[in-house]
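Trainee: build me a model:
(chains A and B)
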Amino acid sequence: GAGVSQSPSNKVTEKGKDVELRCDPISGHTALYWYRQSLGQGLEFLIYFQGNSAPDKSGLPSDRFSAERTGGSVSTLTIQRTQQEDSAVYLCASSLIGNEKLFFGSGTQLSVL
Amino acid sequence: DAKTTQPTSMDCAEGRAANLPCNHSTISGNEYVYWYRQIHSQGPQYIIHGLKNNETNEMASLIITEDRKSSTLILPHATLRDTAVYYCIVRSARNAGGTSYGKLTFGQGTILTVHP
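Mentor: Down below sits the predicted model:
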């Protein structure tokens, strides 16, 4: 596609529910990142997929968070048993491995009530 | 990855050059300096990067000191649309050929406000 696509753009859920956020990277991009950004805060790294290598999961805040990348393309970030502090914009980015430019999607605004 | 230090905020008059400093005194030899910016309600946007030489592209110039402990991003003719948060990031290349990179970690950045 022309850019990184994220869906949904907005998600409102109730505390305790599970949510799935989707990221479609730019075609051919082998590196994929997930970040989150709480209101008025900087970007918090969550996870980094890099080709066929094991992902860097060092930023996932708890075991309620998980992510997978199927077929080296689409990625899904899953948050189980959501909490109010999970409310944030979740941003996905992709790049060619070895390329310095990350291209970001517009994000998913998650609101946990 | 090395930590960076940036001023919390800066102002600049429209049409003037905006010079955004970044301190990365613990940078190591294989670490690159990257600059991204984030305009309100959008995802971050790549601006420029460098290793040790000064770099220029259509958006900005990057000046890296000889000891590589600090750098300056220069927007030569700032416009109102350049108002954004500017992030200076140091990122390691995992191999000598620079084909494998560590994760990109964003700090708090500098809020640049360009005023008329």
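
Trainee: quick one: low-confidence parts of chain A?
Mentor: Scanning chain A for pLDDT under 70 picks out the ranges A:1, A:98-100.

Trainee: for it, which residues are neighbours of chain B?
Mentor: A:4, A:31, A:33, A:35, A:42-43, A:45, A:48, A:50, A:56, A:58-59, A:91, A:93, A:97-98, A:100-107 (CB under 8 Å from any CB of the partner chain). Yep, even glycine has a C-beta here, placed from its N, CA and C like the rest.

Trainee: emit the ChimeraX select command for whichever of those are buried.
Mentor: Buried residues among the residues of chain A next to chain B (16 or more other CB atoms under 10 Å in any protein chain shown), as a ChimeraX selection:
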select /A:4,31,33,35,43,45,48,50,56,59,91,93,98,100,102,103,104,105,106,107
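
Trainee: point to the residue nearest the middle of chain B.
Mentor: Centroid-nearest residue in chain B: residue B:35, 2.8 Å away (criterion: CA atoms, centre = their mean).

Trainee: if you count neighbours, what's buried in stretch B:11-29?
Mentor: B:12, B:18, B:20, B:22, B:23, B:24, B:27.

Trainee: give me the low-pLDDT residue ranges for chain B?
Mentor: In chain B (pLDDT under 70), the answer is B:1-2, B:93-102.

Trainee: pick the one among the buried residues of stretch B:11-29 closest to residue B:58.
Mentor: Set against residue B:58, the nearest of the buried residues of stretch B:11-29 by CB to CB is residue B:18 (15.6 Å).

Trainee: I'd like the distance between the residue lying closest to residue B:54 once chain neighbours are set aside and chain A.
Mentor: Spatial nearest neighbour of residue B:54, chain neighbours left out: residue B:63 (5.2 Å); criterion: CB to CB, 6 or more residues apart in numbering or on different chains. Separation of residue B:63 from chain A (CB to the nearest CB, to the nearest Å) stands at 18 Å.
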